[in-house]
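Enquirer: Sequence and predicted structure, then a few things I'm wondering about:
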Amino acid sequence: MKKTEIIYQNGDHKWIAIVRDPAKPDFLIDTNEYLVTHGGQGMLLDPGGLEIFPAVFSALATEFDPSAITGIFASHQDPDVISSLALWLEFNPEMRCHLSWMWSSFIPHFGGTAATFSPIPDEGMTILLAGLPLQAVPAHYLHSSGNFNLYDRSAKILFSGDVGAALLPAEQQGLFVEDFSTHIRHAEGFHRRWMGSNEAKRQWCERVSQLNIDMLCPQHGAIYRGEDVQRFINWFGSLQVGLLRT
Amino acid sequence: MTDQLPVTLRSEPKGAALDLLHIVRINEEIKAIVAVAFKINIMALNAIFLAKRAGTAARGFGVLSNELRSFSSQLRETMLALNGLIHGSVGEVSVLLQDSRYNGVLKSAVSIVPLNSRLSAVMARRDQRTVEYRGRLSKVRRALRSSVDDACRLVELGGVLAKSAKIEAAYGAGFSASLAQVSGEFDGVVEEIRVSLDTLRRSNFFKG
Ligand SMILES: [Fe+2]
Ligand SMILES: [Fe+2]
């Protein structure tokens, strides 16, 4: 089973990280799922792959009633992000899935009906969770061509999907980045190869620099907090991406 | 542009998904009981202190408050065990839901190509695995049911203790009113747990 950790709480407005499954086979990339709760409702961000559904579901249930999850936010179309969709929908067929308009006819191959999907336009949009505004922030081409981050202004948390992802070694499994320079070595190869556009990256760095962020939460690896957030944005800003030396 | 999320569950899930919904409801109920059970520990301690202050005037109450204290720690242990079991059950049922999804997709392929021997062999293997999963689930189901029954029996005992404490409170001389209040609160909480456990026993999950 995965572990849960409450990374933010203000009354019933919470961010719960669902992380680090010791039983997960090594050939599956490790993923972080996040649950945002507010006003008795929950939204699950990048719910993960089909194979890890039992681990995510049972861990989540220790902290929050899964029947109160009304929405899913999928940063992009990858299998590690959203291939569990059909199972969440079997549990609650009324769940809405928010994702880029680009994928709203591709993702139904994993499951769902026309009513399931709430397509996000390229410029982003506000999604309300029991009145709490969550902003879908464009992060296109990083790495997917239709890609969004999710910003919670009142918690000052940015869910950054694959941006900020690190493939951590077994001995470095902390939930938060403790030593930036050691950590970032495990993020470099991933960002160089997976991120496709220097121009998109520059625009993203500019966009998120204007947000007030206490925690930057990626889908893989560890959470950046405090000064490490800007440190990451600066590091990413100066990294050459989209290069493949063959 | 904004988008409001839907609030209610309009259509109910079926099969393994329905089982998962039942187990989720039990899980929520148990979480609530566990929270209440922790309150009981503090109440029992208060009862002991109060009985000490009342001294000889509340000797009977003093004996009972010690019993209540040991009851509350037993209740805590039972609840922790129940908590562990329920997490295991949520895991088992979600595995079954995953399994039934795969089977559903494969079965529709088999219905279109019924004569493909390899596909049929895959289906047979999967059916066997489903039997295993179901076996595991019914084991967990039985363990959970018997653990809920144990908790019920324990809570019955707690109810008797709380009621006796209420009677003893009457002999507490000048402390009567406060002893009655403590034992009354205790009785109320035990009753709350008893009602919740009764609801759990009737859950459709145990009829599956
Ligand atoms: Fe991805
Ligand atoms: Fe990913």
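Expert: That came through, no problem. Numbers count the residues shown, from 1 in each chain, chains lettered A, B, ... in the order given. Ligands and ions are numbered 1, 2, ... in the order given.

Enquirer: What sits closest to the most centrally placed residue in chain B if chain neighbours are left out?
Expert: Centre of chain B computed as the mean C-alpha position; nearest residue by C-alpha atoms, centre = their mean is B:Ile30, 3.4 Å away. Leaving aside its chain neighbours, B:Ile30 sits nearest to B:Ile86 (5.2 Å; criterion: C-beta to C-beta, 6 or more residues apart in numbering or on different chains). Every residue, glycine included, has its C-beta placed from N, CA and C.

Enquirer: just checking, the one you found touches B:Glu28?
Expert: No: B:Ile86 lies out of contact with B:Glu28 (C-beta atoms under 8 Å); the separation is 9.7 Å.

Enquirer: Give me the distance from stretch B:139-155 to the chain's centre.
Expert: When distances are taken as C-alpha atoms, centre = their mean, to the nearest Å, stretch B:139-155 is centred 8 Å away from the chain's centroid.

Enquirer: who touches stretch A:133-143?
Expert: For stretch A:133-143, the external contacting residues (C-beta atoms under 8 Å, 6 or more residues apart in numbering or on different chains) are A:36, A:43, A:73, A:75-76, A:98, A:120, A:122-128, A:146-153, A:158, A:160-163, A:194-197, A:200-201, A:204, A:207-208, A:211, B:2.

Enquirer: before we move on, back to that, what about the residue nearest to the centre of chain B? Give its phi and psi, please.
Expert: Here is the backbone geometry of B:Ile30 (degrees, to the nearest 10): phi -70, psi -40.

Enquirer: A:Thr4 too?
Expert: phi -120, psi 150.

Enquirer: and it, how many neighbours?
Expert: 19 (other C-beta atoms under 10 Å in any protein chain shown).

Enquirer: ditto for A:Phe176
Expert: A:Phe176: 15 neighbours (other C-beta under 10 Å).

Enquirer: The one 5 residues further on too?
Expert: By other C-beta under 10 Å, 8 other residues sit near A:Ser181.

Enquirer: Please report how far it lies from A:Thr126.
Expert: Using C-beta to C-beta, to the nearest Å, one gets 36 Å for the distance from A:Ser181 to A:Thr126.

Enquirer: for the closest residue to ligand 1 within chain A, what are its contacts?
Expert: Per C-beta to the ion, A:Asp78 is where chain A lies closest to ligand 1, at 3.6 Å. By C-beta under 8 Å, 6+ apart, A:Asp78 lies in contact with A:144, A:162.

Enquirer: what about it, distance to ligand 2?
Expert: 5 Å (C-beta to the ion, to the nearest Å).

Enquirer: Contact residues of chain A facing ligand 2?
Expert: A:80, A:162, A:219 (C-beta under 5 Å from the ion).

Enquirer: Do you know the pLDDT at the last one?
Expert: By that I understand A:Gln219. The per-residue pLDDT reported for A:Gln219 equals 98.

Enquirer: Might one say that it is in contact with A:Gly161?
Expert: Yes: under the contact definition of C-beta under 8 Å, A:Gln219 touches A:Gly161, with a separation of 5.3 Å.

Enquirer: What are the buried residues along stretch B:35-48?
Expert: In terms of neighbour count (16 or more other C-beta atoms under 10 Å in any protein chain shown), stretch B:35-48 has its buried residues at B:37, B:40-41, B:43-44, B:46-48.

Enquirer: now the helices for chain B?
Expert: If DSSP state H is used as the criterion, the helices of chain B fall at B:15-54, B:59-112, B:117-169, B:176-201.

Enquirer: Include mean pLDDT and distance to A:Arg185 when you put these into CSV, please.
Expert: Listed next are the helices of chain B as CSV, based on pLDDT from 0 to 100; distance: least, C-beta to C-beta, whole Å:
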stretch, mean pLDDT, distance to A:Arg185
helix B:15-54, 87, 41
helix B:59-112, 88, 35
helix B:117-169, 91, 42
helix B:176-201, 90, 51
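
Enquirer: okay, these in JSON lines with distance to A:Leu89 next?
Expert: Output for the helices of chain B, formatted as JSON lines (distance: least, C-beta to C-beta, whole Å):
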{"stretch": "helix B:15-54", "distance to A:Leu89": "9"}
{"stretch": "helix B:59-112", "distance to A:Leu89": "10"}
{"stretch": "helix B:117-169", "distance to A:Leu89": "21"}
{"stretch": "helix B:176-201", "distance to A:Leu89": "27"}
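
Enquirer: quick one, which of those is nearest to ligand 2?
Expert: The closest of the helices of chain B to ligand 2 is helix B:59-112. By C-beta to the ion, the value is 20.3 Å.

Enquirer: Counting by contacts, list what that closest one packs against.
Expert: helix A:53-63, helix A:85-91, helix B:15-54, helix B:117-169, helix B:176-201 (3 or more C-beta pairs under 8 Å, 6 or more residues apart in numbering or on different chains; DSSP states H and E).

Enquirer: try it again with 6 Å
Expert: helix A:53-63, helix A:85-91, helix B:15-54, helix B:117-169 (3 or more C-beta pairs under 6 Å, 6 or more residues apart in numbering or on different chains; DSSP states H and E).

Enquirer: Can you check which of those helices gets nearest to ligand 1?
Expert: Among the helices and strands packed on helix B:59-112, helix A:85-91 comes nearest to ligand 1, with 15.0 Å by C-beta to the ion.

Enquirer: Just the C-alpha atoms of that closest one, please, in PDB.
Expert: Below are the C-alpha coordinates for helix A:85-91, written out as PDB (Å, rounded to 0.1, in the frame of the first residue of the first chain):
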ATOM      1  CA  LEU A  85      -9.600   6.200 -15.200                       C
ATOM      2  CA  ALA A  86     -12.000   3.300 -16.000                       C
ATOM      3  CA  LEU A  87     -11.700   1.900 -12.500                       C
ATOM      4  CA  TRP A  88     -12.400   5.200 -10.800                       C
ATOM      5  CA  LEU A  89     -15.400   5.600 -13.100                       C
ATOM      6  CA  GLU A  90     -16.700   2.100 -12.200                       C
ATOM      7  CA  PHE A  91     -16.600   3.100  -8.600                       C
END
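
Enquirer: what about it and chain B, touching?
Expert: Yes: using C-beta under 6 Å from any C-beta of the partner chain, we find that helix A:85-91 touches chain B at A:86-87, A:90-91.
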